[in-house]
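Participant: got a structure for you, letters missing:
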Ligand code: WTA
């Protein structure tokens, strides 16, 4: 068993959880009285304009309702409340690519959110329930736009800026968005880059629901102006700084965020207001030991769930200072993050294993050049962290003083699920440790039997929790099938995460990775079916199968097995170039293939199903343990193995 590291109690003053007894007693409280315990937390942590009548209504499970009939407002919770109580405290610390800083107090944030909300309502006629797509860089206006939507009850759907115009168009169409907010572009590594041209391209067909495109000018590069365009800066000045809070129902939708699943079509994961914000706020305090006087930095992009929950909603609900960073961690050099930690006195730093591996590789000793003593907690998310990266993070970045929280969660869970609590949980490298209080994580077989200790099983959440995905936008049936179709306990479907995991003698959970056709590149989820659907656009390809291949920095890289229509019609290198051009246009740069191999056929069952598990074993160089007797042609396995050598 690997070494356990006890939390450094001296650095946590008066934490929510002083020790594991505190953790156990809250877990017990949930066991004894599940709904009442959630109800108490919701009453204590959210301002209710009208109290809820029921904590949890499971009568239409899995379409559960939390805090029914309660009235609240997420933007009030994140902004106005703090603006009233401690308006001069800094809400957002923006650091631009070039190192310039802008500090926005809660009072100023309230004004900017109100003005943006008034702009959306007045100029663009946005009403409660309308969908607003944000295709934005990491700039202040992106955060104002999110919170403006929350304040008026419009539903934002952020599309990561790395997605292509085609991917953006698909998401605009699926959400039937009325407004798109974008920017000319922004800066990365000292150079301007563009976003607006992708919006122009997307808008060329099929986006008729969009009435307006609001453009924030950030890099002032030349852009084309289309009839639906108008500029944020030309309208924002004249907006009123005041906007009365309208109170929304607990279960009104807050946002959609599209993510990949095991079919070709991305899923619009829907989160609703009260449950989401409650868990975002609680996990900030519990997991990170974050307090209002702290400065918290999550390096994610707001285009991903980590950015939603731990750059915007969680930190602001907790009243802390959140860092919003436009640039990249390695520019101008691999010391950028640690320089920022020193300069801003950052207390909690949250990033992905890919970034940790990259910073370890390119700047092993960089952290030592800066005073990083303000740090108490270091977080990681998105993919399993390997022990060498963990050790460097712990010993060099954290100087063996900070807690590392390896947080397991998903777009669908809204916030952390299995994670150490910085102030009390003894940690183990590469291990997400224990389910948080209130979260019933279990590792089971598909029939609900617990998986034996030390063996891989399916990671399921057996009870509803407040920040749970409510549905897939416009597709209730798919929601039920995607999450409640695979695992059952006593015949009752339970939420299946798509991840495999193992439990040890002490109940600690280690995540072993996706068990479905989703790969995790640099912590970004990509469905193999989406990639295969794009590859079909090549005239050379008869069939393809895409799998994840272990990658030193990215965790997993994308590897494609290709069967050509005409053998010898194109070289491997030319085909790879062609496919990557297609993928870049169809999905975006995050979907580029690392490598391909041309094969005579794929391992298929007699019914025509591709046995991807065999291909996964081949790229990992593992022995084939799967039963190959059901294959149409078992010889193909050996042929592909030889080609991959
Ligand atoms: C993976 C990101 C190992 C997992 C918040 C999950 C992790 C997917 C961890 C969700 C972790 C997330 N250790 N794997 N600590 N955290 N994952 O929706 O496979 O972008 O299902 O949400 O990332 O990715 P998503």
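Facilitator: Received, thanks. Note that the structure is predicted; figures quoted are calculated from it, not measured.

Participant: Quick check: residues of the stretch 501-645 of the chain near the ligand?
Facilitator: Contact residues (C-beta under 6 Å from any ligand atom) of the stretch 501-645 of the chain with the ligand: 511, 513, 514, 520, 525. Glycine gets a C-beta too; all of them are placed from N, C-alpha and C.

Participant: So the first one versus residue 546, what's the distance?
Facilitator: Translated: residue 511. Look at residue 511 and residue 546: by C-beta to C-beta, to the nearest Å, they are 22 Å apart.

Participant: Would you mind telling me which of those two has the busier surroundings?
Facilitator: residue 546 (27 against 20; other C-beta atoms under 10 Å).

Participant: Specify the beta-bridge partners of that one.
Facilitator: The partner list for residue 546 in beta bridges (DSSP bridges) reads residue 560.

Participant: hang on, isn't it packed against residue 562?
Facilitator: No. Between residue 546 and residue 562 there is no contact under C-beta atoms under 8 Å: 9.5 Å.

Participant: Now do the shared contacts for these two.
Facilitator: Common contacts of residue 546 and residue 562 (C-beta atoms under 8 Å, 6 or more residues apart in numbering): residue 535.

Participant: between the residues of the stretch 501-645 of the chain next to the ligand, which is closest to the ligand?
Facilitator: Of all those, residue 511 has the smallest distance to the ligand: 3.8 Å, by C-beta to the nearest ligand atom.

Participant: so the closest one touches residue 497, yeah?
Facilitator: No. Look at residue 511 against residue 497 with C-beta under 8 Å: they stay out of range, at 9.2 Å.

Participant: list the buried ones in the helix or strand encompassing residue 575?
Facilitator: Residue 575 belongs to helix 572-586 when assigned by DSSP states H and E. Neighbour-count burial for helix 572-586 flags 575, 576, 578, 579, 580, 582, 583, 584, 586 (criterion: 16 or more other C-beta atoms under 10 Å).

Participant: quick check: mean pLDDT across that helix?
Facilitator: Taken as a whole, helix 572-586 has a mean pLDDT of 97.

Participant: quick one: average pLDDT of the helix or strand just after that helix?
Facilitator: Later in the chain than helix 572-586, the nearest helix or strand by DSSP H and E is strand 595-598. On average, the pLDDT along strand 595-598 is 96.

Participant: Let me know the pLDDT of the most centrally placed residue in the chain.
Facilitator: Centroid-nearest residue in the chain: residue 305, 2.9 Å away (criterion: C-alpha atoms, centre = their mean). The score at residue 305 is 98. That number is its pLDDT.

Participant: re earlier: mind listing the shared neighbours of residue 511 and residue 497?
Facilitator: residue 459.

Participant: which ones are touching the residue in the stretch 301-450 of the chain positioned nearest to the ligand?
Facilitator: The ligand sits closest to residue 411 of the stretch 301-450 of the chain, with a gap of 3.4 Å, by C-beta to the nearest ligand atom. Applying C-beta under 8 Å, 6+ apart, one finds that residue 411 lies in contact with 257, 259, 269, 304, 305, 469, 525.

Participant: Sort out which of the residues you listed are buried, if you could.
Facilitator: 257, 259, 269, 304, 305, 469, 525.

Participant: hmm, which two among these are most spread apart?
Facilitator: Spatially, the most separated pair among the buried ones among the contacts of residue 411 is 304 and 469, at 15.1 Å (C-beta to C-beta).

Participant: right, and the secondary structure at residue 132 would be what?
Facilitator: Counting by DSSP: H, G, I helix; E, B strand; the rest coil, the backbone at residue 132 sits in strand.

Participant: Equivalent analysis for residue 406, please.
Facilitator: Look at residue 406: counting by three-state DSSP, its state is strand.

Participant: now the one 10 residues further on
Facilitator: Three-state call for residue 416 (three-state DSSP): coil.

Participant: That one contacts residue 408, doesn't it?
Facilitator: Yes. Counting by C-beta under 8 Å, residue 408 is a contact partner of residue 416 at 7.5 Å.

Participant: average model confidence for stretch 157-167?
Facilitator: Across stretch 157-167, the per-residue pLDDT values average to 97.

Participant: circling back to that earlier point, can you check the pLDDT for the residue of the stretch 301-450 of the chain closest to the ligand?
Facilitator: On the pLDDT scale, residue 411 is placed at 98.

Participant: buried sites along the host helix or strand of residue 549?
Facilitator: Assessed by DSSP H and E, residue 549 sits inside strand 541-551. Buried residues in strand 541-551, counting neighbours by 16+ other C-beta under 10 Å, are found at 541, 543, 544, 545, 546, 547, 548, 549, 551.

Participant: wait, which of those residues is closest to the ligand?
Facilitator: Nearest to the ligand among the buried residues of strand 541-551 is residue 548, at 10.7 Å by C-beta to the nearest ligand atom.

Participant: which residues does the closest one contact?
Facilitator: Neighbouring residues of residue 548 by C-beta under 8 Å, 6+ apart: 519, 520, 521, 528, 556, 557, 558, 559, 616, 619.

Participant: Try it again at 6 Å.
Facilitator: If you count contacts by C-beta atoms under 6 Å, 6 or more residues apart in numbering, residue 548 has them with 519, 556.

Participant: ok, and what's touching stretch 345-356?
Facilitator: For stretch 345-356, contacts defined as C-beta under 6 Å, 6+ apart pick out 288, 290, 294-299, 310, 329, 374, 376-380, 382-383, 385, 389, 393, 522-523, 554-555.

Participant: From these, list the buried ones, please.
Facilitator: Neighbour-count burial (16+ other C-beta under 10 Å) applied to those gives 288, 290, 294-299, 310, 329, 376-380, 382-383, 385, 389, 393, 522-523, 554-555.

Participant: Identify those among those that sit within helices.
Facilitator: Counting by DSSP state H, the part of the buried ones among the contacts of stretch 345-356 found in helices is 288, 389.

Participant: got any ranges where the stretch 451-600 of the chain has weak pLDDT?
Facilitator: Scanning the stretch 451-600 of the chain for pLDDT under 70 picks out nothing.

Participant: Correction: the previous question concerned the chain.
Facilitator: Applying pLDDT under 70 to the chain flags residues 1.

Participant: mind listing the strands for the stretch 101-250 of the chain?
Facilitator: With DSSP state E, counting those that start in this stretch, the ranges of strands along the stretch 101-250 of the chain come out as 101-105, 131-135, 155-158, 179-183, 185-188, 191-194, 212-216, 229-231, 248-249.

Participant: Nearest to residue 42, out of those strands?
Facilitator: Closest among the strands of the stretch 101-250 of the chain, once you apply C-beta to C-beta, is strand 248-249, at 13.8 Å.

Participant: Please report how far residue 617 lies from residue 637.
Facilitator: Noted for residue 617: a distance of 9 Å to residue 637, by C-beta to C-beta.

Participant: Count the neighbours of residue 303 for me.
Facilitator: Applying other C-beta under 10 Å, we find 23 residues neighbouring residue 303.

Participant: Determine the three-state secondary structure at it.
Facilitator: Put simply, residue 303 is coil when judged by three-state DSSP.

Participant: contacting residues for it?
Facilitator: Contacts here follow C-beta under 6 Å, 6+ apart; on that basis residue 303 touches 158, 160.

Participant: now swap in the one 3 residues further on and tell me
Facilitator: Contact partners of residue 306, counting by C-beta under 6 Å, 6+ apart, are 300, 381.

Participant: now do 10 Å
Facilitator: Neighbour list for residue 306: 298-300, 314, 350-352, 379, 381-382, 407, 409, 411, 523 [criterion: C-beta atoms under 10 Å, 6 or more residues apart in numbering].

Participant: go on, residue 310?
Facilitator: Here residue 310 is in contact with 280, 283-284, 287-288, 290, 296-300, 304, 322, 348, 350, 379, 381, 407, 409, 415-416 (C-beta under 10 Å, 6+ apart).

Participant: Swap in 8 Å and give it another go.
Facilitator: 280, 284, 296, 298, 300, 350.

Participant: In JSON lines: the residues you listed, plus distance to residue 95.
Facilitator: Shown next, in JSON lines, are these (distance: C-beta to C-beta, whole Å):
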{"residue": "280", "distance to residue 95": "22"}
{"residue": "284", "distance to residue 95": "20"}
{"residue": "296", "distance to residue 95": "13"}
{"residue": "298", "distance to residue 95": "13"}
{"residue": "300", "distance to residue 95": "15"}
{"residue": "350", "distance to residue 95": "15"}
